[in-house]
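1. Just the structure for this:
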Amino acid sequence: MNEELWEKGLEVRREVAGRSYVDKALADADDFTMSMQRLVTEFCWGEIWTRPDLDRRSRSMLNIGMLAALGRLDELSGHIRGAVANGVTKAEVRECLLQVAVYAGMPAGMSGFKVARRVFEELESQTADVR
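-> Now for the predicted structure:
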């Protein structure tokens, strides 16, 4: 384990995904799944998300496109929430998903829109600050 990457990754992961979500994921991890939690925290969040040449908004929009295109809908909802935390607007999420539909196929775009709609409905029920 790289303690520095773990700490940096944990900080960014909590800022983007939300402290309660991350803390629950770590608390729910067992001997089998903790290795994955460490990998995602150190490698994805600590190594990649802390690189200086792309801002968090850009990384969030890339993730929305990639996850929707790959059909990774379980992860897409969390990354849409994180994108909003990173300042990505509802209109920008829509544009990302339209881009997916054209370049990765209509089924991927349609599925992405369904996930995004549910996420925005949940967010809007919690706050009026969703743009």
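2. can I assume Ala69 is in contact with Met106?
-> No. Using Cβ atoms under 8 Å, Ala69 is not in contact with Met106, being 11.8 Å away. Any C-beta I mention is one placed from the backbone N, CA and C, and that applies to glycine too.
3. Look at those two and report which has more neighbours.
-> Taking neighbours as other Cβ atoms under 10 Å, Ala69 and Met106 compare with Ala69 leading, 19 against 10.
4. May I ask which helix or strand encompasses the residue of the chain most remote from its centre?
-> Most distant residue from the mean C-alpha position of the chain: Asp31, 24.5 Å away (Cα atoms, centre = their mean). For Asp31, there is no enclosing helix or strand under DSSP states H and E.
5. Now it: phi and psi?
-> In terms of degrees, to the nearest 10, the main-chain angles of Asp31 are phi -60, psi -30.
6. Need the residue closest to the centroid of the protein.
-> Centroid check for the chain by Cα atoms, centre = their mean gives His79 as the closest residue, at 1.9 Å.
7. can you list the domain ranges for the chain.
-> Domain assignment of the chain by automatic domain parsing yields the ranges 1-52, 54-131.
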